[in-house]
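S.K.: Sequence unavailable; structure follows:
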């Protein structure tokens, strides 16, 4: 009897371990792809409540309206995965819009306007990178302070007045299309593909993940932590300014009082997509899913004539829920 029990005991234990492993794998799979399920459910709901949601015209408008915040969210993905944070993207976006329009007017060249704006964005990113990587200032504090400075510079450059660009070539960037697809949408897709390859398939991307998981361990492993940290802020600053040039081109106006909610929206997209605020974990495809969830919700809110105030409340609730789920998932795995 005892021998039979001894033989049965390992078998029962093995079966229990197998069930536990299966449940763990199932839970991991669900958490990994949960937002895709949420996106599918939202699309079905939007189609029921707003029959024109899936029309080509509406889908084109949805993507166009969210191109700028999507490009900024791509840069924010790299920053958050590296263990950082950037609250200055809204101000950098406004600076990009202002500089591109102002430079296009003063030089008579829209191309020089775009180059000047992206250059200004890169400078903003370099400053943020130096503050965080070299001076070791907390990213939240550093970028909160730089946001105020950048915003002030944008207002000084524009003399607190909008730059109205009459040159039709300035609008080509945002109002042209290829094979019926608007150029900004193509730019959005191209940047996400490039960002996805860079993050998932290169040594640079693996190193960004590594320092986000543990800066000290990355430094002990011989990684150039300071350079890697600075680089993600430069990338984000450049992308934020370029997003500003796209919107300035679309509207034909560059002004300094735009982008107030850009940082919140970009962070919401990244977090809703499943990238962890604690760093070291995330992917570009997750931010793409987060962008589509965000865009679908925004379009649905507008189609239902929901007040802007309620939209802000809904976005805040969504961010809090996403952070809570991330925290619960991490604590469960620990």
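M.R.: Looks like it arrived, so ask away. As the structure is a computational prediction, the values presented were derived from the model and not from experiment.

S.K.: Give me the next element, helix or strand, following the worst-scoring helix or strand of the chain on mean pLDDT.
M.R.: Lowest on mean pLDDT, DSSP states H and E among the helices and strands of the chain sits helix 2-49, with a mean of 64. Note on helix 2-49: by DSSP states H and E, the next helix or strand toward the C-terminus is helix 56-65.

S.K.: Report all helices and strands that that next one contacts.
M.R.: Other helices and strands packing on helix 56-65, by 3 or more Cβ pairs under 8 Å, 6 or more residues apart in numbering; DSSP states H and E, are strand 181-182, helix 183-201, helix 284-303. C-beta coordinates here come from the backbone N, C-alpha and C atoms, glycine included.

S.K.: I'd like the distance from that helix to the chain centre, please.
M.R.: How far helix 56-65 lies from its chain's middle: 19 Å, per Cα atoms, centre = their mean, to the nearest Å.

S.K.: got a list of what the most centrally placed residue in the chain touches?
M.R.: Closest to where the C-alpha atoms of the chain average out (Cα atoms, centre = their mean) is residue 73, at 1.5 Å. By Cβ atoms under 8 Å, 6 or more residues apart in numbering, the residues touching residue 73 are 265-266, 269-270, 287, 290-291.

S.K.: let's go with 6 Å and repeat that
M.R.: Contact partners of residue 73, counting by Cβ atoms under 6 Å, 6 or more residues apart in numbering, are 266, 269-270, 287, 291.

S.K.: Out of the residues you listed, which end up buried?
M.R.: Buried by 16 or more other Cβ atoms under 10 Å: 266, 269-270, 287, 291, out of the contacts of residue 73.

S.K.: between the residues you listed, which is nearest residue 229?
M.R.: Set against residue 229, the nearest of the buried ones among the contacts of residue 73 by Cβ to Cβ is residue 270 (17.3 Å).

S.K.: residues touching that closest one, list them.
M.R.: With contact set as Cβ under 6 Å, 6+ apart, residue 270 has these partners: 73, 76-77, 80, 287.

S.K.: ok so residue 278 is a helix residue?
M.R.: No. Checked against DSSP: H, G, I helix; E, B strand; the rest coil, residue 278 lies outside a helix; its state is coil.

S.K.: any idea how far it is from residue 245?
M.R.: 33 Å (Cβ to Cβ, to the nearest Å).

S.K.: These two: who's more crowded?
M.R.: Neighbour totals were compared for residue 278 and residue 245, and residue 245 leads with 31 against 13 (other Cβ atoms under 10 Å).

S.K.: Tell me, how many residues neighbour the residue nearest to the more buried one when sequence neighbours are not counted?
M.R.: Closest residue in space to residue 245, ignoring its immediate chain neighbours: residue 100 at 4.0 Å, by Cβ to Cβ, 6 or more residues apart in numbering. Residue 100: 33 surrounding residues under other Cβ under 10 Å.

S.K.: Then residue 37?
M.R.: Neighbour count for residue 37, taken as other Cβ under 10 Å: 10.

S.K.: And it, how far from residue 141?
M.R.: Counting by Cβ to Cβ, the gap from residue 37 to residue 141 is 37 Å.

S.K.: now the contacts of residue 73 in CSV, with distance to residue 230 and pLDDT?
M.R.: Listed next are those as CSV, based on distance: Cβ to Cβ, whole Å; pLDDT from 0 to 100:
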residue, distance to residue 230, pLDDT
266, 19, 94
269, 23, 93
270, 20, 94
287, 21, 96
291, 26, 96
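
S.K.: No further queries at this time; thank you.
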